[in-house]
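Q: Below are the sequence and a predicted model for it; my questions follow.
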Amino acid sequence: MFPNGFLWGAAVAANQCEGAWNIGGKKESICDHLTAGSLHKNRRFTSEILADEKYPSHEAVDFYHHYQQDIALLAEMGCKVFRLSIAWSRIFPNGDDETPSEEGLRFYDNVFDECRRYHMEPLVTLSHFEIPHNLVKRYGGFANREVITFFERYAKTVLERYKDKVKYWLTFNEINFGTMPMGNLEVLGIINQEEEEIANPLDDMQLRFQALHHVFLASARAVKAAHEINPDFKVGCMIAHITMYPLTCRPEDLLLQQELDQIINNFCADVQVRGAYPYFAFNYFQKHDLQILFEREDQQILKEGCVDFYSFSYYMSNCVTTEEGHETTMGNLLGGVKNPYLKASEWGWQVDPKGIRYTLNKIYDRYGIPMFVVENGLGAVDEIDGSGEIQDDYRIAYLKEHILEMGRALEDQVDLMGYTVWSAMDLVSSGTGEMKKRYGLIHVDKDDTGNGTLKRTRKKSFYWYRKVIETNGEDLE
Ligand code: BGP
């Protein structure tokens with residue numbers, strides 16, 4: 001079912017695991033200004049670091065000081081690939097510095113060397129919600145065209161430095177988040193108020209889509225540079241694929257589904273894979289009275305920066321309808337209408353394994369390039385039992401069903417390069433800032449109050465996944 005050389009692995013992001021937020025020359029990224037929240041309490045951005053607030057990224061699970069142990073555990077699991085991100089502000093602490101921080105560069109040298117020692121391929125995201133805070137404060141984030149240059153400088157620096165250590169790269173994590181108000185802060189670096197809830201920001205749509213255009217250009221420039229620096233590099237886009245179904249077979253629901261799917265899922269990928277804006281984007285801009293400023297060279301830049309593969313996160317699906325009054329549910333970045341045929345996680349994300357087969361076929365049908373599932377997993381409360389073990393059978397069941405359906409998609413003949421479970425070890429939840437919402441195959445002893453020894457413990461899913469990798473996806477029991 002799974003081809004030889006299939007890249008099995010696990011994933012993390014710097015802001016959710018590294019900690020050491022002001023150590024080793026690093027300065028604040030935007031995430032270091034996000035407070036802790038919960039399912040019922042939105043995370044807030046504060047322009048200053050307030051003494052009486054908790055900022056979960058500051059220590060996170062201290063991967064910065066535990067990377068050797070963590071990578072050894074991933075190797076023990078048999079991982080062929082480890083997806084992680086570089087914290088931009090560890091390399092260029094202010095974002096606009098002329099020269100990079102050698103100490104920051106050395107940290108990732110060590111991390112990648114450690115991966116190599118175990119023959120594990122790093123899969124590196126250049127920007128996973130980690131824009132240096134100074135770029136947000138001083139320049140207005142990607143709303144300012146100048147920030148493209150700073151990103152390009154950062155990208156070229158790390159692509160050059162790690163050209164013999166890293167082969168697989170992603171430019172912007174969940175870039176399509178930028179099509180929604182929630183993406184202002186984390187993808188685009190736009191703050192319209194001193195203090196705001198990330199799920200509910202003051203949104204200037206014109207500014208947001210202009211900033212997204214700049215992010216496309218930044219991504220394209222990085223892809224072009226990557227191919228020049230090392231022609232063997234494989235660079236991907238990264239889309240949060242929000243799989244949507246029409247709630248009913250009323251044509252109105254299907255049309256709404258199509259419209260949302262186009263702008264939320266297809267728009268960014270069309271630009272990054274095909275190198276041009278799709279027709280429906282212009283229609284959308286017109287409808288919303290948006291004027292996106294294109295400079296003369298922009299079309300060319302986009303054309304020259306097409307990605308080699310399509311990567312995406314897949315957690316859940318939801319329904320859409322034009323009818324009012326239906327029960328709604330939460331989801332990754334975007335909630336929707338409840339699907340009567342699906343169950344949801346404790347955080348209200350609807351579990352839909354068959355949806356991953358549908359999604360893989362849908363993407364492959366549209367783009368025909370290799371795909372990579374770089375995030376898939378279950379956020380749940382894990383308890384340590386009397387014998388010190390974590391019996392996370394619910395996580396195993398979730399992963400098993402999704403892997404089975406990926407296998408079926410492979411039988412359908414799609415081209416899938418690999419799969420990285422979210423997440424390698426427990427880490428800070430991006431949406432809620434909690435530790436309690438655990439995704440890891442490896443448990444980390446830390447709670448929402450910040451207490452814990454940071455001790456790593458293998459969960460039951462760790463042993464299960466080891467067998468999955470060992471048998472190349474044959475043994476899922
Ligand atoms: C994606 C992010 C990840 C990760 C995941 C789970 O959107 O790329 O960083 O956090 O979602 O989301 P959450 O942590 O909100 O449950």
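A: Perfect, thanks for sending it. Bear in mind the structure is a predicted one, so any value in this text is a computation, not a measurement. Residues are numbered from 1 along each chain as shown.
Q: near the ligand, which residues of the stretch 201-350 of the chain show up?
A: Residues of the stretch 201-350 of the chain lying near the ligand by Cβ under 6 Å from any ligand atom: Ala240, Ser313, Asn332. Every residue, glycine included, has its C-beta placed from N, CA and C.
Q: switch the cut-off to 8 Å
A: Of all the residues in the stretch 201-350 of the chain, those in contact range of the ligand (Cβ under 8 Å from any ligand atom) are Met238, Ala240, Ser313, Tyr315, Asn332, Leu333, Trp347, Trp349.
Q: Also the stretch 351-477 of the chain?
A: By Cβ under 8 Å from any ligand atom, the part of the stretch 351-477 of the chain that sits against the ligand consists of 375, 377, 379, 422-423, 427-432, 437, 439.
Q: The nearest residue to Leu7 once chain neighbours are set aside: neighbouring residues, count only.
A: The shortest distance from Leu7 to any residue other than its chain neighbours is 2.7 Å, reached at Gly418 (Cβ to Cβ, 6 or more residues apart in numbering). For Gly418, the count of nearby residues is 23 (other Cβ atoms under 10 Å).
Q: OK, contacts around Gly418?
A: Residues near Gly418 by Cβ atoms under 8 Å, 6 or more residues apart in numbering: Phe6, Leu7, Trp8, Gly9, Lys80, Val81, Leu123, Phe372, Val373.
Q: Turn the residues you listed into CSV, including pLDDT, secondary structure and neighbour count.
A: Listed next are those as CSV, based on pLDDT from 0 to 100; DSSP: H, G, I helix; E, B strand; the rest coil; neighbours: other Cβ atoms under 10 Å:
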residue, pLDDT, secondary structure, neighbour count
Phe6, 98, coil, 19
Leu7, 98, strand, 19
Trp8, 98, strand, 22
Gly9, 98, strand, 26
Lys80, 98, coil, 18
Val81, 98, strand, 24
Leu123, 98, strand, 27
Phe372, 98, strand, 24
Val373, 98, strand, 25
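Q: Specify which member of these is nearest to Phe294.
A: If you rank the contacts of Gly418 by distance to Phe294 using Cβ to Cβ, Phe372 comes first, at 30.0 Å.
Q: Could you report the separation of the residue of the chain found nearest the ligand from Asn332?
A: Across the chain, the shortest distance to the ligand (Cβ to the nearest ligand atom) belongs to Gly431, at 2.6 Å. In this structure, Gly431 and Asn332 are 8 Å apart, going by Cβ to Cβ, to the nearest Å.
Q: now do Phe372
A: Here Phe372 is placed at a distance of 17 Å from Asn332 (Cβ to Cβ).
Q: Quick check: phi and psi at Met316.
A: phi -160, psi 180 (degrees, to the nearest 10).
Q: For the residue lying closest to it once chain neighbours are set aside, which residues are in contact?
A: What sits nearest to Met316 in space, not counting adjacent residues and going by Cβ to Cβ, 6+ apart, is Trp349, at 4.1 Å. Listed by Cβ under 8 Å, 6+ apart, the contact set of Trp349 reads Tyr315, Met316, Thr329, Met330, Gly331, Asn332, Gly379.
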